[in-house]
Every structure is written in structure tokens, then in C-alpha cells.
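> Kindly return the folded structure for what I paste below:
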Amino acid sequence: MSNNKSRKNMTRLIFLLAVLSFLIATAQGIIYYKNYDSFFKLLLVLQNSINAFGFKASVTIKDTVAFMKDNPSALNKSIGYAYCIAVFTAPYCTLSFLYKFLERLLRFIIFFRRDKNCRHIVVFGYNNDVKSMLKNNRSDPKKNCIHIVTNESIDSEEIYRLNKSGYVVHYADVLKAAESELQFLLAKTHIETATNIILFESSSIRNFSLLQLFRLNDNDSSERIKLAQGTKISCRCEEEGIGRLIAEYYNSVAGTDAFFDLELVGLPEMQIHKMYSDHPIHTIYKGTDIPLKDWTAHLLVAGFGQLGQQAVLQAMNLGIVHESNRIIIDVFDSNIKIKKAVFLNQLSRDTFDISDNRVTLKSDAADGLLEINFHELNISHLSFYDLIRSKLDTEPYTYVVIALENIDLSVNCAIQLEELFDERGLKVPILMRMDADRRLAGYISAENSSLANVSLIDDRSIVITIDMIINREIDRRAKDYNHFYNNIKLITADETGTVDNSDEDPEQEWNRLRLFRRSSSKAAAYHDEVKNDIIPRLAAENGVDLLKKLEELLGSNGSLMRYTGSAWQMNGTEEEVMEKLKKDSFAYGLVSLEHRRWCCYMASIGWRSGERSDKFRRNPCLVTQQKLMETKPEMCKYDLMSLMARYKTDILNHSAIG
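Got it, this is the predicted structure:
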């Protein structure tokens, strides 16, 4: 709260300076107008004192100097010199008060123009990333009131600009305040009715501390702030260790209704997700007749920092298009040993075969091939391009991510790779990091012939938006997946298959989840963009009409699940449903694909096969589809969730529009 106190102290100082300037002007007026009648003397003294604050004192500095020459007493000189200074300090005080008045007037106007039921969003922290978030914000300030809570000093001009744009700045270092002071300190932020809290300090540790200001559940401290039901907290965290601490803290109330929804946000993860969303991994196969099983994802990742590692991890989820398609990732970095050691720390040796230069997902952990090759090479050396040429002769690349920090090296790499691909007639998407030179980025984005196939990975200043962080659409889809899962779990427990969760609130279901279960549902939701291409293609490969097939499998008289209008019920016993599933090539193909995707995602976050344990990251379903059918056949139907999501999108929405 030091900055808040300093601003209050400055306000007091200006007020005292104004009082002192007024008294000095009054004293000068008294001695200057000493020969006037008392009534007129009073009026003239008041006029001079007031005019001094109005930039035009009645007694000028010239008049004061002349008066001191004519009346050279010590008192007259001391008051005269003080008055000459007060002539300048008084207008300064006027400007300061005028600025404060206009600032408050502007806040009042903004507040008055807002809807009474506007949505309050509270952002903690004010750094370059927060500035980018606010700059990229396109929401209506009348409907969304964004409060910024910071202990950083912000200059007056910037505060005025923020207020003019509809943002409200609150100075408070809440981490130094006692819990009993929190509600009073943050009262003006409307934090108890806010829909979103964004913890975006640069320090992950500080964000974790801020998170603990809010009540987790009824058993938490009553002095902590209780948020409104359904409030979402987005907590920025890019440190693995702190992330686990936050997960343990939040998961301590798993199984009960947490008072708020929590999401951990990492900027490199957001950048790479947007990259794969704008430029899908399998772009090269779109519009071709190549079967899904032959859609090999062969990625080249140059640079293995945070962006490069995220490119690899997300490809393990988004690269799945078939139960057996291959994913091969070649990683190049001049300092690969150290970076690889850090990366492999999050993978389990029970799930991967790990050697010096290669990591392969074990064949009993999932179907298909997932292979990561590590190469310690300097991208600027000839040996790198010689190796690329040799690989193009055996297994052409389908996607390139250049995540190098060195701009010169990145551009040179992109140009040379594009030339190599052009020689072989390959139109491979090349995504390049370019977050240090926006002028050059603009030139490259203009689709110049020298870099025609090169696109840019949006830097964090572009990616960070209010919408991207709160991302209600992804949340909605992830909550739908969790709702489907709970519905299937219920009907599994019921022998007749008649129980459903149509009366359950997806928000409450979601707030009972551990963080890793939420991330699993979000990974499924992220894969929906890939399935938008896969599911119609899979239907075509099996010679079926997609809409009719969805109705046949999951409609009101579905062969696998019957839709009741609000939820699904099993059509028959578990054994009967499983037999029908195995006999339907389209449904079984999608179930096998979805199971493999889930296995690869779980492997990417360090899980292994074994007796169920969230603490030790073990799950008995982390096996191939065939093994799952043998050991846990009752779990196979959970992979129908992606078909349920598609049914809701294609059938129910189409019916609603019709």
C-alpha cells in the first residue's frame, strides 16, 4: 500500500501548499493595502488571494518588488519574497485540484453511462502483459466494467487515458493488508459481485498469494473475500512447481462445491494454442484423398524454449486424427541437452521409452506411433540443412515451428527451409516466432514471395486479450464434456440404464473437479477443432451420412444411447451396448481415435498406467484400445462423448434453428 499512501500524502501536501499560498497572499494583501478603508481593504485582500489561484494576482511581482523598496522592513521583505513564490505555487495547486476534479468527473460520467447490471472484471497487476490485454480489449465499456488493482505507480496522464477508455484504477497492495481490511480495501472494485478475477502479476508466487485472498469454501477463513457463485479466477502461472502448489491448494476441496472456478494461465501455452487453431497441424492434408490413418504429422521444431516445448506438448493432443496415424516430432536446438532434461522431467518412464536422442510412447500405452527426436545442432550450420534434406528423402515434413529468439537466425532458417520444400514441391506451413520486431513482422505478414508459406506465431502482445483469458466458449464446451462424463457414469451405475443428470448444474459439477480433470476436459474441447475435419472425413471413409448416423447412434431411438431431450440413457445393458459399438465401424473408429487422443494427452502431462491414483498420476485406462476392451470394457463408452458433442451441435442446434 506504499504507493497508495504516497498518493494520499501528495494530495495532503498540495492541500497544505494551497493553504499556505492563500495565507501568504492574504498577508501580502494586508500589508500592501494597509492604507485602505477596512471594508475595501478586506475586499481587496480577498480579491488578491483568490486571483492568485486564478493565474492573475492583483498584486503582481513587479508591485511587490516596488513595495519592498519603498517599505524595506524585514517583515515586508520576508512576506514579499514568500509571496513572489506563492504567485507560482497557487496556480499549480489550482491545476492539481482541477485535474483531480476532472478525473473524478470522468469516472462519474463513465459510471453513470454504464448499465446498472454491468459485468465487473477485476485485474490484479499492471505490467506490459496487462497493458496488452487492455489495449486489445474490444468489449463494450458500458457492459463490462474492468477494474485494475495495482501497487505500481502509474503517471497521471496514463491514468487519465485508462479512465477515458473505461478502466478504473485502484491503488492497493493487498498482500500487505490484514485479512480483516480486505473487504474495505477492495470495496470500490465490486469484487464480491465480479464475474471474473484475473491474477496477472509477473510473479507466479505473487499470483498464488493473491489467490489465497478468496474463500475456497465454507470451511475457509470468513475474513477472506467470498466471491459470487460462478466467478472464474484466471491465475497466471508459468512455473511447474508453483503450478503444482496451486493445484494442491485448490484440489484440497475437490468433491465439494468450490466457491469459484479456477484456471491456470500460461502465456506460451496460449500462443501455441492460437497458432494451432489458426494453422492446424494437418493443414497439408486438407482437400486431399489421403485416408486419415495415413495423415502422418511430421513436425520440425527449431528452438526448444518454452514456446518450442509447448509446440511439442500440444501436438501430442492435436496431432491425433486416427487411432493409428503417426506423429513424429524432430526438435533442434544448439543447447538441447539441458532443455531436454527439463522437458523430460514431466514425462514418466513407465509411459515412454527414453534414450539419449529419442522419446517414444510405449506401444502398450496407446495405439499408433508418437516419437520425439532430439538433435543438438546449430540452426545456422550447414549440417542442420544436410540433415533436413536427408529426412525429406525418407519422411517429408508436414509442419514447421521456428521458435528461436534470434530474429536473424529465424528469418534465415525460414527462407532456407521454404526453398528446400519448394524444390520438392511441398507446401509446408512454416510458423515463425517474431515478437521483437513488429516492422519486420508486418513485412513478412504481407505475404511477400520470398516468404509466401511463412506465417507468424502471434506474440504475447497480440494473443493476450480479455476474451482469450476468460474464454467462455472453451469453458462451456469443457463443461459439456464433464457433464456428458457424469451422465455416462450415472447410467453405468444404474442397471436399467434409466438414470440421468439432466437436473444437475454443469457449473456446480465443474466446481467439484480437481484441476487436472478440468484440463482433461479442456484438452477434449480444444480437439473439437480437429474433429470438425475428422468426423465428416471418417463418415465419408465409412460410407455413411453423418447426420443420419448420429441420429441412428444417439437419437431418441439410438442404438447405443437414447437421447431423452435433456440427457442420454443406455439402450440395453453394458454388454449389449459394447457389442453394438464394436460392430459399427464408424462409431468404433471414433471411439478408438478419442481413446488414443486421451492417452496421448495424459502421457504429455506425466501420467502412467496403474491402479487409479490422482496423487501419483496413475490410471488403469492408459492402455491401447484392444487392451482396454479386455481389461476395462465398461470404460470404452466414455469415448462416445465427442459424438455426443457433435450430436448437440449438428442435430439439436439444427432442429432449434429449423
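> ok, which stretches of the stretch 51-200 of the chain are helices?
Under the criterion DSSP state H, counting those that start in this stretch, the stretch 51-200 of the chain contains helices at 61-70, 74-113, 128-135, 156-164, 182-185.
> Of those helices, which is nearest residue 478?
Comparing the helices of the stretch 51-200 of the chain by their distance to residue 478 (Cβ to Cβ), the top pick is helix 128-135, with 21.9 Å. Quick note: C-beta positions are derived from backbone N, CA and C, even for glycine.
> related to what we said a few turns ago, could you identify which of the helices of the stretch 51-200 of the chain is most buried?
helix 128-135 (a mean of 17; mean count of other Cβ atoms under 10 Å).
> which other helices and strands contact it?
strand 119-124, strand 144-150, helix 460-463, helix 466-470 (3 or more Cβ pairs under 8 Å, 6 or more residues apart in numbering; DSSP states H and E).
> so where's the stretch 401-550 of the chain shaky on pLDDT?
The stretch 401-550 of the chain contains residues with pLDDT under 70 at 436-439, 441-442, 445-450, 472, 492-498, 502.
> Any chance of CSV for the helices of the stretch 51-200 of the chain, columns distance to residue 226 and mean pLDDT?
Formatted as CSV, those follow (distance: least, Cβ to Cβ, whole Å; pLDDT from 0 to 100):
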stretch, distance to residue 226, mean pLDDT
helix 61-70, 60, 76
helix 74-113, 24, 69
helix 128-135, 25, 91
helix 156-164, 28, 82
helix 182-185, 9, 86
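> could those go into CSV alongside distance to residue 339?
Shown next, in CSV, are those (distance: least, Cβ to Cβ, whole Å):
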stretch, distance to residue 339
helix 61-70, 69
helix 74-113, 47
helix 128-135, 24
helix 156-164, 38
helix 182-185, 41
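> care to break this protein down by domain?
As given by automatic domain parsing, the domain ranges for the chain are 2-105, 114-263, 271-463, 471-657.
> Most tightly packed of the helices and strands packed on helix 128-135?
Of those, strand 119-124 is the most buried (mean count of other Cβ under 10 Å), at a mean of 24.
> Sheet-wise, list the partners of that strand with their directions.
strand 144-150 (parallel), strand 196-199 (parallel) (DSSP bridges).
> Out of those strands, which is closest to residue 637?
Closest to residue 637 of the strands paired with strand 119-124, according to Cβ to Cβ: strand 196-199, at 35.4 Å.
> just to revisit the earlier point, need the strands paired with strand 119-124 in CSV with distance to residue 246 and mean pLDDT, can you?
Below are these laid out as CSV (distance: least, Cβ to Cβ, whole Å; pLDDT from 0 to 100):
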stretch, distance to residue 246, mean pLDDT
strand 144-150, 19, 91
strand 196-199, 10, 95
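> returning to what we had before: go through the helices and strands packed on helix 128-135 and name the closest to residue 63.
strand 144-150 (47.7 Å).
> What is the neighbour count of the closest residue to residue 63 other than its chain neighbours?
Spatial nearest neighbour of residue 63, excluding adjacent residues (Cβ to Cβ, 6 or more residues apart in numbering): residue 32 at 7.3 Å. Number of residues near residue 32 (other Cβ atoms under 10 Å) recorded here: 23.
> Let me know whether residue 32 touches residue 65 as I believe.
No: under the criterion of Cβ atoms under 8 Å, residue 32 is not in contact with residue 65, lying 11.9 Å apart.
> Give the full set of residues in contact with residue 67.
Applying Cβ atoms under 8 Å, 6 or more residues apart in numbering to residue 67 gives the contacts 31, 32, 59, 76, 80.
> quick check, nearest of those residues to residue 426?
Using Cβ to Cβ, these come closest to residue 426 at residue 59, 85.3 Å.
> quick one: that closest one from residue 145, how far?
As judged by Cβ to Cβ, to the nearest Å, residue 59 and residue 145 stand 49 Å apart.
> re the thing from before, so which of the helices of the stretch 51-200 of the chain is nearest residue 551?
Nearest of those (Cβ to Cβ): helix 128-135, 43.4 Å.
> Just the angle for that closest one relative to strand 144-150, thanks.
With axes from the mean of the first three to the mean of the last three Cα atoms, to 10 degrees defining the directions, helix 128-135 sits at 160 degrees from strand 144-150.
> Put the alpha carbons of helix 128-135 into PDB.
The C-alpha coordinates for helix 128-135 follow below in PDB (Å, rounded to 0.1, in the frame of the first residue of the first chain):
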ATOM      1  CA  ASN A 128       3.300  -4.900 -20.100                       C
ATOM      2  CA  ASP A 129       1.100  -8.000 -20.400                       C
ATOM      3  CA  VAL A 130      -1.800  -6.300 -18.600                       C
ATOM      4  CA  LYS A 131      -1.300  -3.300 -20.900                       C
ATOM      5  CA  SER A 132      -1.500  -5.500 -23.900                       C
ATOM      6  CA  MET A 133      -4.700  -7.200 -22.500                       C
ATOM      7  CA  LEU A 134      -6.400  -3.800 -22.100                       C
ATOM      8  CA  LYS A 135      -5.100  -2.500 -25.400                       C
END
